[in-house]
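Asks: sequence and predicted structure below; questions after.
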Amino acid sequence: MLGRLSKVDHINVTIMSYSSILQIGDSQIVNGFSRALAVQREAEIFYGNEGNLPDFRAIVKPIPLPPITEDITYRFHHFNPVIKVKGLDVIGVTNSSILHVGNSKDISLEARIMHIRQLLPFGHEHEMR
């Protein structure tokens, strides 16, 4: 684990939702994952067989992660081993997001949202089925 300390006097978060995390302290592995289907319709129609996420390839298709092939050499020298923050004021943390105070070794975040807009045919906007 990294060799720094984090000191925050106060944290004020208004909203946390949808697979969000407030992590205070060190962590080895952090995984954030969120999937959502958002359908916007001009007419209020619900067929009853909708919302099956595996039916949408963009939601379930694996994300290819390219391998890291470069050799990386690094050296740390922390002149001041403490990170000091007076305060954090956050409006919102959402959709597989993380507010983290501390050290992390491995972090993986993924948010997939499928937005669908279903409009009535041109000239039929007044029809509400």
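Replies: Structure received.
Asks: Three-state assignment for residue 54, please.
Replies: helix (DSSP: H, G, I helix; E, B strand; the rest coil).
Asks: what's the local residue count around it?
Replies: 7 (other Cβ atoms under 10 Å). Yep, even glycine has a C-beta here, placed from its N, CA and C like the rest.
Asks: what does the pLDDT read for it?
Replies: The score at residue 54 is 80. That number is its pLDDT.
Asks: ok, residue 62 next?
Replies: pLDDT, read off for residue 62, is 89.
Asks: ok, it - how many residues close by?
Replies: For residue 62, using other Cβ under 10 Å, the count is 5.
Asks: could you do residue 19 as well?
Replies: 20.
Asks: cool, residue 97 as well?
Replies: Residue 97, neighbours per other Cβ under 10 Å, totals 19.
Asks: what about the spatially most central residue of the chain, distance to residue 53?
Replies: Central residue of the chain (Cα atoms, centre = their mean): residue 96, 2.5 Å from the mean position. Going from residue 96 to residue 53 by Cβ to Cβ, to the nearest Å gives 15 Å.
Asks: alright, I will stop here.
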